[in-house]
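[1] need a structure here:
(one chain, ligands or ions: 1)
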Amino acid sequence: MSMKIEEYKGVIDRYFKYLPVSNKTPVISLLEGDTPLIPAYKLSNQLGKKFEVFLKYEGLNPTGSFKDRGMTVAVSKAKEQGSKAVICASTGNTSASASAYAARANLKSIVLIPKGAIALGKLAQALIHGACVLPVKGNFDDAFRLVKEISQDYPVRLVNSINPHRIEGQKTASFEICDALKDAPDFQILPVGNAGNITAYWKGYKEYKSLGKIRKLPVMCGFQAQGSAPIVKGHPIKNPKTIATAIKIGNPASWKSAEAARDESKGLIDTVSDRDIIEAYKFLSSQEGVFVEPASAASVAGLFKLKKLGYFSKKSKFYLSYSKTIKIVCILTGHGLKDPDIAIKNIKEPKAVEPDLKKIVKLLKLK
Ligand code: F0G
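    You can find the predicted model right below:
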């Protein structure tokens with residue numbers, strides 16, 4: 001008997017008919033997507049019987065972040081349309097993803113990063129994939145302004161999330177969540193930086209709804225780091241600050257569409273402090289066994305904050321209006337190994353020991 005194993009070929013193949021591609025598009029894929037939706041038992045317990053919390057672990061994409069979903073489409077389209085080079089500004093993950101997909105597509109990649117402000121793993125990725133990396137003496141917003149200007153005047157394709165192909169690719173994450181849950185979740189919580197991802201998820205949910213694939217739309221809850229929360233504050237932040245370098249952004253490109261996602265879904269965009277982020281980061285790694293980078297922990301920090309504020313309490317409008325289980329999906333956007341420095345800084349570093357069996361057994365208090 002022969003068994004046919006259906007081969008997974010990445011998000012363009014899986015969601016071909018919902019994406020701006022045709023049979024002529026040369027598909028550049030690293031088999032991104034198809035990431036797990038992990039039940040978070042301890043988080044669910046903290047909220048109460050009526051709740052089920054899931055973690056969409058986007059850190060398991062090929063370059064370790066959700067950017068790969070958008071990059072497969074953006075780079076495939078750049079290739080189809082004859083581009084020879086791609087360019088982006090990045091807090092790290094976009095540059096890692098762009099340079100990997102560009103390498104695969106034989107395109108040159110140029111990345112402008114805020115000098116000294118991106119996590120080590122991400123810098124290593126961009127460099128090892130052969131990108132031309134320019135650290136800019138400024139912040140992300142400065143770098144972003146520059147790449148927009150360069151891409152207008154020179155033959156390089158901008159692959160930041162203002163490129164609509166990025167949003168198209170990234171919306172596949174909401175398709176996956178709906179396919180797994182057989183409907184949209186009641187709430188989706190995610191970190192917000194340049195605001196492309198919240199835009200993409202919302203677009204995906206709305207499309208699935210209008211296709212009749214889901215019955216409801218989720219309430220979208222976005223979280224920015226307190227020191228870099230332009231959308232929450234209502235104005236750009238000149239010198240954004242946070243340990244979550246991925247979302248250290250003072251003037252998000254997709255500001256308006258993030259607000260639209262918030263308002264249309266009757267959701268919210270709020271802040272979490274760096275301390276909240278680290279607390280959630282440690283909770284995820286030590287309690288759920290899921291290692292994420294600090295920016296990703298902002299979603300779970302947000303969940304804790306909403307719980308504290310009574311958002312999900314028995315008296316809340318949500319609790320009363322839902323008869324069945326309330327499903328919450330937290331998006332974990334990037335892998336913890338991207339930023340090992342932060343992990344090391346937030347634990348007690350172990351002391352070295354002599355290679356002596358008796359001493360070690362004693363030290364471990366195994367008896
Ligand atoms: N989480 C991670 C790990 C990120 O890298 C980013 C954005 C976000 C969340 C926020 O997503 O920008 O769509 O609102 N990183 C971009 C970059 C800015 O350059 O890698 P967003």
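[2] What about Gly204, how many residues nearby?
    For Gly204, the neighbour count with other CB atoms under 10 Å is 24. In this view, the C-beta of every residue, glycine as well, is placed from N, C-alpha and C.
[3] OK, contacts around it?
    By CB atoms under 8 Å, 6 or more residues apart in numbering, the contact list for Gly204 reads Gln170, Lys171, Thr172, Ala173, Ser174, Phe175.
[4] Give me the nearest residue to Ser151, chain neighbours excluded.
    Leu158 (3.9 Å; CB to CB, 6 or more residues apart in numbering).
[5] Do a quick rundown of the strands in the stretch 201-350 of the chain.
    Along the stretch 201-350 of the chain, counting by DSSP state E, counting those that start in this stretch, strands occupy 219-225, 268-272, 326-332.
[6] Can I get those strands in TSV including distance to the ligand and mean pLDDT?
    Listed next are these as TSV, based on distance: least, CB to the nearest ligand atom, whole Å; pLDDT from 0 to 100:
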stretch	distance to the ligand	mean pLDDT
strand 219-225	8	98
strand 268-272	11	98
strand 326-332	8	97
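[7] Tell me how many other residues crowd Asn346.
    Neighbour tally, Asn346, other CB under 10 Å: 14.
[8] who are the neighbours in contact with the closest residue to it other than its chain neighbours?
    Residue nearest to Asn346 in three dimensions, not counting chain neighbours: Ile278, with 5.8 Å by CB to CB, 6+ apart. By CB under 8 Å, 6+ apart, the contact set of Ile278 is Ile243, Pro294, Ala297, Asn346.
[9] swap in Ala225?
    By CB under 8 Å, 6+ apart, the contact list for Ala225 reads 240-244, 247-248, 271-274, 277, 295, 298.
[10] Return a PyMOL selection command for the buried portion of those.
    Buried residues within these, by 16 or more other CB atoms under 10 Å, are selected in PyMOL with:
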select buried, resi 240+242+243+244+247+248+271+272+274+277+295+298
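[11] how about the contacts of Ala225 in CSV, adding distance to Gln46?
    CSV is the format used below for the contacts of Ala225 (distance: CB to CB, whole Å):
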residue, distance to Gln46
Pro240, 30
Lys241, 29
Thr242, 25
Ile243, 24
Ala244, 22
Ile247, 24
Lys248, 28
Thr271, 21
Val272, 16
Ser273, 19
Asp274, 21
Ile277, 17
Ala295, 22
Ala298, 17
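[12] ok, so of the contacts of Ala225, who is nearest the ligand?
    Of all those, Ala295 has the smallest distance to the ligand: 3.9 Å, by CB to the nearest ligand atom.
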